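Peer 1: everything below, folded, please.
(chains A and B)
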2 protein chains.
Amino acid sequence: MQLLKDRIRKDGVVKQGNVLKVDSFLNHQMDIRLFQEIGKEFKKRFEGEEINKILTIESSGIGIACMTAQEFDVPVVFAKKSKTKNINGEVYKSKIEPIAHAKIYDIIVSKDFLGEGDKVLLIDDLLANGKALAGLADLVRASGAELVGAGVVIEKGFQIGGKLIRDKGIRLESLVVVDDLDWRSGKIVFRGDE
Amino acid sequence: MQLLKDRIRKDGVVKQGNVLKVDSFLNHQMDIRLFQEIGKEFKKRFEGEEINKILTIESSGIGIACMTAQEFDVPVVFAKKSKTKNINGEVYKSKIEPIAHAKIYDIIVSKDFLGEGDKVLLIDDLLANGKALAGLADLVRASGAELVGAGVVIEKGFQIGGKLIRDKGIRLESLVVVDDLDWRSGKIVFRGDE
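Peer 2: Numbering: from 1, shown residues only, chains lettered A, B, ... in the order given. Prediction:
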């Protein structure tokens, strides 16, 4: 998605440790016009698929998911991160073990809002180690719903997440894949570029 | 807003302890068509006001804020809840002391995304004790931005939040005000109804 590549080149900030900061337009401040285009692109990528629900995870996936849901004319459900007790009622739960030194947490979705007959598209902003997206896929499977695919805005191609998700047989559409980051020069290499 | 009253009467669930569950369409599963109408209503309520940014707080405010921002054609910034350390760089911070037995937490916004010259509309889904909204107002004041007003989807009129915010001189637009909840009968009384 050229618009997104251009925006990442313009406003993304590369930091040491393979960090790409996109908080000026994607996950702290949110450029709603860009999100509209992102929603349209996901709609195009999953054209012809039957989808009746979008599932994302709090917090930074929610804005993208809502703008995308508007294109599909379906509701959004967001999974909640929980380090403590369940929300009221019965929930599906999946344990997330993030990268080293980060706390393990559960993600939960009420059984009222996901179940047999649902055809679910997962949406998230970033894909790095893939733990969050894999957790969402687990929730869908546990609920008896059908997982149609997953859409992420930025995939870090040099991390394991993309392979992890594709190896599960999940159709993954990443709007851009970042294959290399050089914090010294600020250079960002996208997959498909020379 | 009649559409919203009808929806709350249809799908809201009253529980003991003055709890109104609206998680089937507002804050766990999100009805995007309803959110579009909510966005249009906020646009109407703040017609003629100069607004260049919407500020909300994670997580359940984000969807409403994005759909509203689309009507105003402005970006959204969401404040993050932080029980630990700062996010990278300089942030504005406000301490939130929720109801008894809940943990105190900070809400933070990067200084990069809020500051002098900004004309800010606060958006959130629920207004009960008003602590979160007051915290957002503090962040705006600290940043030197101008606070144009605040819009909430559901105000619990029998709790202190509405008065707290209005007493600060903040223009508050609540799309519906719930004045009474009876969990035994499931009855919901809206302000303005007989």
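Peer 1: beta-bridge partners for the residue sitting nearest the centre point of chain A, please?
Peer 2: Nearest to the mean C-alpha position of chain A, by C-alpha atoms, centre = their mean, lies residue A:124 at 1.7 Å. When assigned by DSSP bridges, residue A:124 has beta-bridge partners residue A:152.
Peer 1: that one is in contact with residue A:68, isn't it?
Peer 2: No: proximity of residue A:124 to residue A:68 does not meet the contact threshold set by C-beta atoms under 8 Å, at 10.7 Å. Bear in mind the C-beta positions are built from the backbone N, C-alpha and C, glycine included.
Peer 1: anything in contact with each of the two?
Peer 2: When contacts are counted by C-beta atoms under 8 Å, 6 or more residues apart in numbering or on different chains, residue A:124 and residue A:68 have residue A:151 as shared neighbours.
Peer 1: residues in contact with residue A:129?
Peer 2: Under the criterion of C-beta under 8 Å, 6+ apart, the contact list for residue A:129 reads A:98-99, A:159-161, A:164.
Peer 1: which residues touch the closest residue to residue A:142 other than its chain neighbours?
Peer 2: Residue nearest to residue A:142 in three dimensions, not counting chain neighbours: residue A:92, with 4.8 Å by C-beta to C-beta, 6 or more residues apart in numbering or on different chains. With contacts defined as C-beta under 8 Å, 6+ apart, the neighbours of residue A:92 are A:108-109, A:111, A:114, A:139, A:142-143.
Peer 1: of those residues, buried ones?
Peer 2: Buried by 16 or more other C-beta atoms under 10 Å in any protein chain shown: A:108-109, A:114, A:139, A:143, out of those.
Peer 1: hmm, back to that, just the ones of the contacts of residue A:92 in strands?
Peer 2: A:108-109 (DSSP state E).
Peer 1: quick one: pLDDT of residue A:193?
Peer 2: Reading off the per-residue confidence, residue A:193 sits at a pLDDT of 86.
Peer 1: could the buried ones among the contacts of residue A:92 go into TSV alongside distance to residue A:26 and pLDDT?
Peer 2: Supplementary listing: these in TSV, determined by distance: C-beta to C-beta, whole Å; pLDDT from 0 to 100:
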residue	distance to residue A:26	pLDDT
A:108	25	95
A:109	24	96
A:114	26	98
A:139	24	97
A:143	28	97
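Peer 1: show me the strands in chain A, by range?
Peer 2: With DSSP E as the definition, chain A shows strands at residue ranges A:13-15, A:19-21, A:29-30, A:53-57, A:76-82, A:91-96, A:105-110, A:119-127, A:146-156, A:172-182, A:187-190.
Peer 1: residue A:177 contacts residue A:155, correct?
Peer 2: Yes: contact status for residue A:177 versus residue A:155: in contact at 4.6 Å, counting by C-beta under 8 Å.
Peer 1: and the nearest residue to residue A:43 once chain neighbours are set aside, what is it in contact with?
Peer 2: Spatial nearest neighbour of residue A:43, chain neighbours left out: residue A:71 (3.9 Å); criterion: C-beta to C-beta, 6+ apart. Shown in contact with residue A:71 (C-beta under 8 Å, 6+ apart): A:39-40, A:42-43.
Peer 1: can you check residue A:143 too?
Peer 2: By C-beta under 8 Å, 6+ apart, the residues touching residue A:143 are A:92, A:109, A:111, A:114-116, A:118.
Peer 1: which bits of chain A sit near chain B?
Peer 2: With C-beta under 8 Å from any C-beta of the partner chain as the criterion, chain A comes near chain B at residues A:21, A:23-25, A:28-33, A:35-36, A:58-59, A:62-63, A:65-67, A:69-70, A:73-78, A:80, A:87-88, A:109-110, A:112-113.
Peer 1: output the below-cut-off pLDDT ranges for chain A.
Peer 2: Per-residue confidence of chain A (counting by pLDDT under 70) places the weak regions at A:83-89, A:100, A:194.
Peer 1: the same query, at a cut-off of 90, please.
Peer 2: Within chain A, the set of residues satisfying pLDDT under 90 comprises A:82-89, A:97-104, A:193-194.
Peer 1: from the contacts of residue A:92, which is closest to chain B?
Peer 2: Minimum distance to chain B across the contacts of residue A:92 is 7.9 Å, recorded for residue A:109 (C-beta to the nearest C-beta).
Peer 1: separation between residue A:148 and residue A:140?
Peer 2: Spatial separation of residue A:148 from residue A:140 under the definition C-beta to C-beta, to the nearest Å is 9 Å.
Peer 1: who's more crowded, the two?
Peer 2: Set side by side, residue A:148 and residue A:140 give different neighbour counts by other C-beta atoms under 10 Å in any protein chain shown, the larger being at residue A:140 (26 against 21).
Peer 1: of all the strands of chain A, which one is nearest residue B:15?
Peer 2: The closest of the strands of chain A to residue B:15 is strand A:105-110. By C-beta to C-beta, the value is 14.3 Å.
Peer 1: what sits against residue A:43?
Peer 2: Counting by C-beta under 8 Å, 6+ apart, residue A:43 makes contact with A:68, A:71-72.
Peer 1: repeat the analysis, applying 10 Å as the threshold.
Peer 2: Contacts were defined as C-beta atoms under 10 Å, 6 or more residues apart in numbering or on different chains; by that measure residue A:43 touches A:49, A:51, A:68-73, A:121, A:151.
Peer 1: mind checking which of those land in helices?
Peer 2: Cross-referencing those against helices under DSSP state H gives A:68-72.
Peer 1: does residue A:45 touch residue A:175 like I think?
Peer 2: Yes: Residue A:45 lies in contact with residue A:175 (C-beta atoms under 10 Å); the separation is 8.1 Å.
Peer 1: between those two, which contacts overlap?
Peer 2: Residues touching both residue A:45 and residue A:175 (C-beta under 10 Å, 6+ apart) are A:1, A:151.
Peer 1: who's more crowded, the two?
Peer 2: More crowded of residue A:45 and residue A:175, by other C-beta under 10 Å: residue A:175, with 19 against 16.
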